[in-house]
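1. build me a model:
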Amino acid sequence: MLGLDNIEKVKPGGLELVDRLVAVNRVTKVTKGGRAFGFSAIVVVGDENGVIGFGLGKSKEVASAISKAVEDAKKNLVRVPVVNGTIHHQVTARYGGADIMLRPASHGTGVIAGGTVRMVVESAGIKDILSKSKGSSNPHNVVKATFKALLDIRRPEEVARMRGISLNKVFNG
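-> Numbering: from 1, shown residues only. I've put the predicted structure just below:
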């Protein structure tokens, strides 16, 4: 999906997935006979409990473009670490021209994020987060940069294992 190797893929069976339409784009192909219109859609699906995916769909009709995007998103589900409704640590990511920064927030803060980033983090079940989106506002690049940032988050157990120290030392220095 984004070229990351340490991703935990998830099968869609048995999950209650909620889909959110991020954007629909009308595209035009100019032919000898005139203009041919089509539609491209990007959708984010998630179970609001750490499992999310995004998909792209293209068709001559809006409804079929959206349904193709939902099917594509269900094929690309991944698990992201969510703890107490937020993330473990601050993370930044860049995809194309979109630059995304995600920061954990204390309980009760809410989702401080723009429209596209908000859809992705709410689909993941994140309730408290601070974010900043810089650069391109292209929905495709913003969604992919947000996914990349969420997939770059490391769990404390993973950090302890990589450093060869106990979990207590990760938190207490």
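
2. and the closest residue to residue 122 other than its chain neighbours, what are its bridge partners?
-> Distances taken as C-beta to C-beta, 6 or more residues apart in numbering place residue 111 nearest to residue 122, at 6.2 Å, with adjacent residues excluded. For glycine as for every other residue, the C-beta is placed from the backbone atoms N, C-alpha and C. On the basis of DSSP bridges, residue 111 is bridged to residue 129.

3. tell me who's in contact with residue 111.
-> Contact analysis of residue 111 by C-beta atoms under 8 Å, 6 or more residues apart in numbering lists 118, 121, 122, 126, 127, 128, 129.

4. which ones among the residues you listed lie within strands?
-> residue 129 (DSSP state E).

5. in helices, which of the contacts of residue 111 appear?
-> 118, 121, 122 (DSSP state H).

6. most neighbours, which of those residues?
-> Counting neighbours by other C-beta atoms under 10 Å, residue 121 leads the ones in helices among the contacts of residue 111 with 27 neighbours.

7. how long is stretch 121-130 end to end?
-> 10 Å (C-alpha to C-alpha, to the nearest Å).

8. what does stretch 46-66 give?
-> First-to-last distance for stretch 46-66 - C-alpha to C-alpha - comes to 15 Å.

9. before we move on, what SS does the residue nearest the centre of the chain have?
-> Compute the mean C-alpha point of the chain, and by C-alpha atoms, centre = their mean the closest residue is residue 147, 3.6 Å away. Under DSSP: H, G, I helix; E, B strand; the rest coil, the three-state class of residue 147 is helix.
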